[in-house]
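**Student:** what follows is a protein structure lacking sequence information:
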């Protein structure tokens, strides 16, 4: 629906879907019929919305548990769109006395990492082919070496970047030998929460946390599918020169942006807790119609938070590894690529009176760097958080999806370069369908 064309028609159509929706001053307020709990979305009236996304948001606002707990606030960022697991991407909610594992899902600590380098675009393009071949090997063909000791693997899951790096300093091995470990240590304050949460190996597959020996994790330092990516960019324009100077960003620099998460670990842990929340639902109680099962038992909540933190730790280290595999010096000589910031957009964290869960939305506390990637055809942004409590101190995590992957790949769909917006786009992938599914026209 495009609200600017006929807002009243849109609202009537949503009412037939069982939703009460109002629109005032760019804010949609949506609730289920006869429900007191509403959710809000900040949207210009020129942006399209989907009834399914609004229904998922209203369902999320109305989650409850027979044993207690409540949703204090539910809202969404402007890039929100329907999610496969029953929760709209772009949802933010504050809960008290309960948590909803499905609100994070399986892509735990999916997030963004941004580096810059004093390397001109012309100099980069002069050796583009050599760089691409090196990256293909590391990112696609498994030529990377991420071997670590069992002690390091355990420390990674329990303490994130801090534990992994401390153990690596004692026993460096694999491709990390060529990295400046002291620089990685100095850059930890440019990772959200230092890249270290309170994890445990209790929820990790045993083969990845042996008692001794070496660990070779095939999932570590991989980008993943869907809209995960590594992109080479150029700093085109600076609006706040003081902030840019303090963060080490200059016009004309090359930038390297990474979008990935906790990979198979998040999928495993998220799946375990999605099933656990459903299996522990009180007997004799009707299943929630939304299919969203919360946790209200304090011990289970603590266990879930520790399990989620374990996957988040892996996600932080995964993005760090992906950045270290850039190996710019092998191609371009003595080039530094300092970290600007690394932050999650799929995670539950203690905030306010309980917890804030962000599903496809990034933290945006006062003064904090915020990274919002565009599509392959549009600009990405590095911004400064404003800490707006009305929208739970959160910001968009990227360009909102306009067309589904199925729609783009269906028989009869126009797959021409011009229609997809791919003219002039340099996209490297081993799966051509990904290029179509993630084309600029999808966003």
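**Tutor:** That came through fine. All figures in this text were calculated on a predicted structure; none of them were measured in a lab. Numbering: from 1, shown residues only.

**Student:** give me every residue that touches residue 209.
**Tutor:** Residue 209 makes contact with 150, 153-154, 157, 201, 215, according to CB atoms under 8 Å, 6 or more residues apart in numbering. For glycine as for every other residue, the C-beta is placed from the backbone atoms N, C-alpha and C.

**Student:** quick check: pLDDT value at it.
**Tutor:** As predicted, residue 209 sits at a pLDDT of 96.

**Student:** still on that earlier bit, just the contacts of residue 209: which are in helices?
**Tutor:** Within those, residues falling in helices by DSSP state H are 150, 153-154, 157.

**Student:** now distance to residue 291, pLDDT and neighbour count too, for the residues you listed, in JSON lines please.
**Tutor:** Converted to JSON lines, these look like this (distance: CB to CB, whole Å; pLDDT from 0 to 100; neighbours: other CB atoms under 10 Å):
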{"residue": "150", "distance to residue 291": "39", "pLDDT": "97", "neighbour count": "16"}
{"residue": "153", "distance to residue 291": "35", "pLDDT": "97", "neighbour count": "25"}
{"residue": "154", "distance to residue 291": "35", "pLDDT": "97", "neighbour count": "23"}
{"residue": "157", "distance to residue 291": "30", "pLDDT": "98", "neighbour count": "24"}
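
**Student:** just give me the closest of the residues you listed to residue 82.
**Tutor:** Nearest to residue 82 among these: residue 157, at 32.1 Å, using CB to CB.

**Student:** what segments of the stretch 101-250 of the chain are helices?
**Tutor:** 121-126, 128-139, 150-170, 181-186, 241-247 (DSSP state H, counting those that start in this stretch).

**Student:** who's in contact with the last one?
**Tutor:** Just to be clear, that refers to helix 241-247. Here helix 241-247 has contacts from 238, 250, 340-341, 369, 382, 384, using CB under 8 Å, 6+ apart.

**Student:** list the buried ones in that helix?
**Tutor:** Under the neighbour-count criterion of 16 or more other CB atoms under 10 Å, helix 241-247 has 244, 247 buried.

**Student:** after it, which helix or strand is next?
**Tutor:** strand 254-260 (DSSP states H and E).

**Student:** and the average pLDDT for that next one is what?
**Tutor:** On average, strand 254-260 scores 97.

**Student:** could you dump the ones in helices among the contacts of residue 209 to CSV with distance to residue 345?
**Tutor:** Listed next are the ones in helices among the contacts of residue 209 as CSV, based on distance: CB to CB, whole Å:
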residue, distance to residue 345
150, 31
153, 26
154, 27
157, 21
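
**Student:** test my guess that residue 156 contacts residue 313.
**Tutor:** Yes: between residue 156 and residue 313 there is a contact under CB atoms under 8 Å: 6.3 Å.

**Student:** dump the residue contacts of the residue lying closest to residue 288 once chain neighbours are set aside.
**Tutor:** Leaving aside its chain neighbours, residue 288 sits nearest to residue 63 (6.9 Å; criterion: CB to CB, 6 or more residues apart in numbering). Counting by CB under 8 Å, 6+ apart, residue 63 touches 71, 98, 100, 288, 290, 292, 294.

**Student:** how far away is the last one from residue 287?
**Tutor:** Using CB to CB, to the nearest Å, one gets 12 Å for the distance from residue 294 to residue 287.
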